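Engineer: have a look at this fold, sequence not included:
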């Protein structure tokens, strides 16, 4: 099969996105997937504004959006139908897109598949199972078998395993997994809707101790019902068609919908201890598995891909030492653990089977609701570590105009490293050498709110800079803020720290 910059094992959303991001930069990528075709059945149910911003980066937001539906609320009710918690999602959210999209995953994968296979530097091989991997000082040799017979060999500088929790790569990279012990047995039933059903819940958790249930719209034309299996209930019994229809009878009937899948899933909560071994990395479910109660499983895998892709790009182009890739797990693991632990907390609330404890839960949440106490909003922690000087939060994407074009800032300014300043003073103070070094890093410059700069059409940047008490932000290619400053000296120090953080890079930011 030849020699490549990166070999990706696994062709789900994590592997597809990684291949697309690397291929966008012209890197030679080979994807090895053991199945001969796409899965064509939904697994994940939704994605958020940061993930849509990633699809925007690939030029796919519009096409993917046609297979998704904006979701504006999320409700938790008890067995009596009383609302315990009701969450409202922003539109737009900080990344410039709606905060939550309910999706039909096969549509998303179809779009990514067509995109990847059209990229000239990306080769996708389906029906190719990796069985062996050997590293040396210069790269990795992969060997395996093809569906239908025959062996293959691939050489790559780096390998990323996105082949799931039970895939080949986790056993190569990780020595163990941290198991949180939250493991639940559920029946997942997916339907293709024949017609609209009045009153059908769009995004609801039913906290009924007799039958914990999840109801989710998955894209424009599909719906999912998930039921926690009862003690002693077998997979064979639960997945029988007549049993499934009996469970959903209060919501839909065969005239309303077609049952396309009924499967028994065990929700797990495990995080691999190592995500890198030499030139081989884990991403997505291969690195971490989480219960679905925050709907962040696929999102977390795509964040892994984005974090890895731009760092691999720096290393592959000689602008950073391979030691930079150690920051991947350092940054992503705390983020994943936060989400996993919150999902477990919610799962324990939702799956409470003891009636007395469920009543106590209901009384507590109903009292909070009567007191009009807002439920705690989910705020992901900022990144920290060697590739963050300060801040570490996501830089927002607002609507701007450059006097000729108007649109979201990523489309107007472009992607990659970016220095964003309020007014021209700090950017005009950059020396010629600093500008040249920044450009060599692929960096861009953007001025907000000044003649000749970008018009802040929605006021989002004025608000952000005021809230963060700064005049300039150095933003990474994945939109996380490397650092902020208020004056020329602070900006110069940030640029020096970027150079040091790249370790061994031939891009130096002069003082």
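Structural biologist: Perfect, thanks for sending it. Owing to the predicted nature of the structure, the values given are computational and were not obtained by experimental measurement.

Engineer: how much space between the residue positioned nearest the centre of the chain and residue 47?
Structural biologist: Note on the chain: the residue nearest the mean C-alpha position is residue 299, at 2.4 Å, using Cα atoms, centre = their mean. Using Cβ to Cβ, to the nearest Å, we find residue 299 at a distance of 5 Å from residue 47. Glycine gets a C-beta too; all of them are placed from N, C-alpha and C.

Engineer: tell me what the strand or helix carrying residue 281 is packed against?
Structural biologist: Residue 281 is part of strand 280-282 when elements are defined by DSSP states H and E. If you count contacts as 3 or more Cβ pairs under 8 Å, 6 or more residues apart in numbering; DSSP states H and E, strand 280-282 packs onto strand 151-161, helix 168-173.

Engineer: how close does the closest residue to residue 156 other than its chain neighbours get to residue 50?
Structural biologist: Leaving aside its chain neighbours, residue 156 sits nearest to residue 7 (3.8 Å; criterion: Cβ to Cβ, 6 or more residues apart in numbering). Remark: distance between residue 7 and residue 50 (Cβ to Cβ) = 26 Å.

Engineer: who's more crowded, those two?
Structural biologist: Legend: neighbour count by other Cβ atoms under 10 Å for residue 7 and residue 50, higher for residue 7 (31 against 22).

Engineer: helix/strand/coil for the more buried one?
Structural biologist: When classified by DSSP: H, G, I helix; E, B strand; the rest coil, residue 7 comes out as strand.

Engineer: contacts only, for it.
Structural biologist: 29-32, 140, 142, 154, 156, 158-160 (Cβ atoms under 8 Å, 6 or more residues apart in numbering).

Engineer: most neighbours among those residues, please name it.
Structural biologist: That'd be residue 160 among these, by other Cβ under 10 Å, with 34 neighbours.

Engineer: residues contacting that one?
Structural biologist: By Cβ under 8 Å, 6+ apart, the neighbours of residue 160 are 6-9, 15, 18, 280-283, 308.

Engineer: same thing but at 7 Å, please
Structural biologist: 6, 8, 18, 281, 283, 308 (Cβ atoms under 7 Å, 6 or more residues apart in numbering).

Engineer: cool, and residue 300?
Structural biologist: Counting by Cβ under 7 Å, 6+ apart, residue 300 has contacts 288, 336, 339.

Engineer: for the first one, give its distance to residue 493.
Structural biologist: Relative to residue 493, residue 288 is positioned 35 Å away (Cβ to Cβ).

Engineer: compare these two and say which one has the larger neighbour count.
Structural biologist: Set residue 288 next to residue 493 and count neighbours by other Cβ under 10 Å: residue 288 wins out with 28 against 16.

Engineer: what pairs with that one across the strands?
Structural biologist: Under DSSP bridges, the beta-bridge partners of residue 288 are residue 271.

Engineer: doesn't residue 256 make contact with residue 197?
Structural biologist: Yes: Residue 197 lies in contact with residue 256 (Cβ atoms under 7 Å); the separation is 5.1 Å.

Engineer: now residue 183: how far from residue 76?
Structural biologist: Distance from residue 183 to residue 76, by Cβ to Cβ: 22 Å.

Engineer: who's more crowded, those two?
Structural biologist: Between residue 183 and residue 76, residue 76 has the larger neighbour count (other Cβ under 10 Å), namely 19 against 12.

Engineer: now do the SS call for that one.
Structural biologist: strand.

Engineer: with adjacent residues omitted, what lies nearest to it?
Structural biologist: In space, residue 76 is closest to residue 85, 4.2 Å off (Cβ to Cβ, 6+ apart).

Engineer: A helix includes that neighbour, no?
Structural biologist: No: counting by three-state DSSP, one finds residue 85 to be strand, located in no helix.

Engineer: which pLDDT value goes with it?
Structural biologist: Reading off the confidence values, residue 85 has pLDDT 88.

Engineer: was I right to think it contacts residue 364?
Structural biologist: No: Residue 85 is not in contact with residue 364 according to Cβ under 7 Å; the separation is 10.9 Å.

Engineer: and those two? which has more neighbours close in?
Structural biologist: residue 85 (18 against 11).

Engineer: quickly list what residue 158 is bridged to.
Structural biologist: Where residue 158 sits in a bridge, its partners, by DSSP bridges, are residue 6.

Engineer: please give me every residue in contact with residue 402.
Structural biologist: With contact set as Cβ under 7 Å, 6+ apart, residue 402 has these partners: 412, 454.

Engineer: please report phi then psi for it.
Structural biologist: Per-residue torsions, residue 402: phi -100, psi 10 (degrees, to the nearest 10).

Engineer: for residue 395, see how far away it is.
Structural biologist: 18 Å.

Engineer: before we move on, what about residue 92?
Structural biologist: For residue 92, the distance to residue 395 - Cβ to Cβ - is 14 Å.

Engineer: more neighbours: which of the two?
Structural biologist: Neighbour count, other Cβ under 10 Å: between residue 92 and residue 395, residue 395 has more, with 24 against 18.

Engineer: which pLDDT value belongs to the closest residue to that one other than its chain neighbours?
Structural biologist: Of all residues not flanking residue 395 in the chain, residue 475 sits nearest, at 4.6 Å (Cβ to Cβ, 6+ apart). Looking at residue 475, its pLDDT is 98.

Engineer: ok, back up a step: show me which of the contacts of residue 160 are buried.
Structural biologist: 6, 8, 18, 281, 283, 308 (16 or more other Cβ atoms under 10 Å).

Engineer: contacting residues around the fourth one?
Structural biologist: What it means is residue 281. Applying Cβ under 7 Å, 6+ apart, the residues contacting residue 281 are 160-161, 275, 308, 328.

Engineer: CSV please, covering those residues and showing pLDDT and distance to residue 427.
Structural biologist: What follows is the contacts of residue 281, written out as CSV (pLDDT from 0 to 100; distance: Cβ to Cβ, whole Å):
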residue, pLDDT, distance to residue 427
160, 98, 36
161, 98, 41
275, 98, 37
308, 98, 30
328, 97, 30
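
Engineer: and those residues, which is closest to residue 203?
Structural biologist: residue 308 (30.6 Å; Cβ to Cβ).

Engineer: what helix or strand is that closest one on?
Structural biologist: Using DSSP H and E, residue 308 maps to helix 297-316.

Engineer: now for the very next helix or strand once past that helix, which elements pack on it?
Structural biologist: Proceeding N to C from helix 297-316, the next assigned helix or strand is helix 327-350, under DSSP H and E. Applying 3 or more Cβ pairs under 7 Å, 6 or more residues apart in numbering; DSSP states H and E, one finds that helix 327-350 contacts strand 203-207, strand 270-272, helix 297-316.

Engineer: these: which one's closest to residue 406?
Structural biologist: With Cβ to Cβ, the closest approach to residue 406 among the helices and strands packed on helix 327-350 belongs to helix 297-316: 26.0 Å.

Engineer: can you give me the angle that closest one makes with strand 151-161?
Structural biologist: For helix 297-316 against strand 151-161, the angle by axes from the mean of the first three to the mean of the last three Cα atoms, to 10 degrees is 100 degrees.

Engineer: now do helix 297-316 against helix 327-350, angle only.
Structural biologist: 180 degrees.

Engineer: check the offset of helix 297-316 from the chain's centre.
Structural biologist: Its chain's average C-alpha position is 9 Å from that of helix 297-316, according to Cα atoms, centre = their mean, to the nearest Å.

Engineer: could you pull out the helices for the stretch 351-500 of the chain?
Structural biologist: 355-370, 409-413, 425-428, 432-440, 460-468, 488-501 (DSSP state H, counting those that start in this stretch).

Engineer: how about TSV for those, with mean pLDDT added?
Structural biologist: Below are the helices of the stretch 351-500 of the chain laid out as TSV (pLDDT from 0 to 100):
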stretch	mean pLDDT
helix 355-370	94
helix 409-413	97
helix 425-428	94
helix 432-440	91
helix 460-468	97
helix 488-501	93
